[in-house]
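> pasting the sequence and the predicted coordinates here, then a few questions.
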Amino acid sequence: MERNLSMIALFAALIAVLTLVPQVHLPFGVPITAQGLGTMLCGTVLGAKRGALAVLLYLAVAAMGLPILSGGRGGLAPFFGPSAGFLIGFPVAAFVIGWIVERWRAGIGTVSFVASVFGAIPVLYAFGITGLVLFATKETSFATATAAMAVFLPGDILKAVLAAAITRSLARARPQAILSRA
Amino acid sequence: MLSLTSPIRTPFHRIPAGPKLLALLLVAGVTMALSNPLPLAGLLLAVALLFAAGGAGFARHGLRVMRPVLPLAVVLMAWHLWLNAPEAGLVMILRMLVAMAAANLVTMTTRLDQMIAVVQRIAAPLRHIGLRPEALALAIALMIRFIPVMSTRVAQIGDAWRARSRRRPGWRIVMPAALAALDDAEQVSEALRARGGLS
């Protein structure tokens, strides 16, 4: 219990630290960040339930006003903005990634990569695109929003590679810390 | 280092966190419902006046924390000019400014412990689905503490690298930093257990 709690707090802090790494803004109001990498690691290392809880903790603390969302934003405002769909999708993505890593018992590197790609691309994009379309003006249709997401693809695949490499190294150095396979 | 609470005391500091958060939700709801630039600009002026009521130093601080929004606002306006929809862009930017300024006002005038107390109170009903409010409050405090701890670890490992090598540290310090962070978390959990744990 204490261990789960401190690991969840640690990974929530990890997302915050990764998010504060410098990032690039896209024209329609959604920035590219290493935030996604943190979300992936929550799923691959902590597993479905704890991973989702870590992301929820991060979002809750951000909503309480710490400037730890992308671009140094914080407070309740971003949850009403164009990237709200992504914020809602993050815990779901972490849950799906963790669920795959828990169930599919092949090599942890490969599984982490496949799970991260699946969770961060189809699952998260579905939430993000819905948020963009609901928020943006009439000019934005589902098709244009989906096409715009292509900008994120190379970055997200790179992040999945990084998440898999880090998870595999962690599994070697601290096998007992990989709660998703405990 | 991370807290955004303003050290300058204002009358707003004395209002309890609960009502301030409710007012913020209300303002955010109203900005989403308005789709006309004029009332939104009026709302922005009202929030600016609230900041001014806190004194000149407080208002300057308020402007400073809004600075990260500026590049985004410029990019958004350019994008909407390119789409030939300047009014939609203006509405979007005004909404963003009003909601963020109001949220910052609440953040700057509410101490973190008050905020955690509100979350603990809101989370009380979650006891029935197995989430204990005390555990949540502890997790929030731990996470906030872990952020500077982790940044310090990364800085220390970077310094150690630079003491040994003339090359820049880069990705090679990622794993040692991650392992140090994991070990910190293990130590914290042992310390919690040693003090009687969460039971």
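In hand now; what should we look at? Numbering: from 1, shown residues only, chains lettered A, B, ... in the order given.
> spit out the contact partners of residue 47.
Because you didn't say which chain, this covers chain A. Listed by C-beta atoms under 8 Å, 6 or more residues apart in numbering or on different chains, the contact set of residue A:47 reads A:98-99, A:101-102, A:179-182. Backbone N, C-alpha and C define where each C-beta goes, glycine included.
> ah, I was thinking of chain B
By C-beta under 8 Å, 6+ apart, residue B:47 lies in contact with B:27, B:98, B:101-102, B:105.
> just the element for it, please.
helix B:37-53 (DSSP states H and E).
> tell me the angle of the helix or strand just after that helix relative to helix B:37-53?
Sequence order places helix B:56-66 as the next helix or strand after helix B:37-53, per DSSP H and E. Orientation check (axes from the mean of the first three to the mean of the last three C-alpha atoms, to 10 degrees): helix B:56-66 against helix B:37-53 gives 130 degrees.
> hmm, who's touching helix B:56-66?
The contact list for helix B:56-66 (C-beta under 8 Å, 6+ apart) reads A:67, B:4, B:6, B:8, B:10, B:48, B:51-52, B:54, B:97, B:100-101, B:104-105, B:108.
> show me where the chain has its helices.
In the absence of a named chain, this looks at chain A. Assigned by DSSP state H, chain A shows helices spanning A:2-19, A:35-41, A:48-63, A:84-103, A:108-118, A:124-135, A:142-148, A:153-173.
> try again with chain B
So, for chain B - with DSSP H - the helices run B:17-33, B:37-53, B:56-66, B:69-82, B:86-108, B:112-123, B:133-164, B:174-194.
> show me where pLDDT drops low in chain A?
Scanning chain A with the threshold set as pLDDT under 70 gives A:21-33, A:71-72, A:76-77, A:135-141.
> spatially nearest residue to residue B:44, not counting backbone neighbours?
residue B:98 (5.0 Å; C-beta to C-beta, 6 or more residues apart in numbering or on different chains).
> count of neighbours near the one you found?
Look at residue B:98: counted by other C-beta atoms under 10 Å in any protein chain shown, it has 25 neighbours.
> likewise residue B:34?
17.
> check contacts around it.
Neighbours of residue B:34 in contact, by C-beta under 8 Å, 6+ apart: B:40, B:43, B:91, B:95.
> how many neighbours does the nearest residue to residue A:52 once chain neighbours are set aside have?
Setting aside the residues directly before and after it, residue A:52 is nearest to residue A:95 in space (C-beta to C-beta, 6+ apart), at 4.0 Å. Applying other C-beta under 10 Å, we find 23 other residues in the vicinity of residue A:95.
> tell me, what residue is most central in chain A?
residue A:39 (2.9 Å; C-alpha atoms, centre = their mean).
> ok, that residue touching residue A:96?
No: here residue A:39 lies out of contact with residue A:96, judged by C-beta atoms under 8 Å, at a distance of 10.5 Å.
> hey, what's in contact with both of those two?
Common contacts of residue A:39 and residue A:96 (C-beta under 8 Å, 6+ apart): residue A:119.
> of the contacts of residue B:47, which is the nearest to chain A?
Nearest to chain A among the contacts of residue B:47 is residue B:102, at 7.6 Å by C-beta to the nearest C-beta.
> let me know whether stretch A:56-76 sits next to chain B.
Yes: using C-beta under 8 Å from any C-beta of the partner chain, stretch A:56-76 reaches chain B at A:57-58, A:60-61, A:64-68, A:71-76.
> contacts only, for residue B:91.
By C-beta under 8 Å, 6+ apart, the contact list for residue B:91 reads B:34-37, B:40.
> can you redo those as CSV with pLDDT and distance to residue A:8?
Converted to CSV, those look like this (pLDDT from 0 to 100; distance: C-beta to C-beta, whole Å):
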residue, pLDDT, distance to residue A:8
B:34, 79, 38
B:35, 78, 40
B:36, 85, 44
B:37, 86, 43
B:40, 89, 39
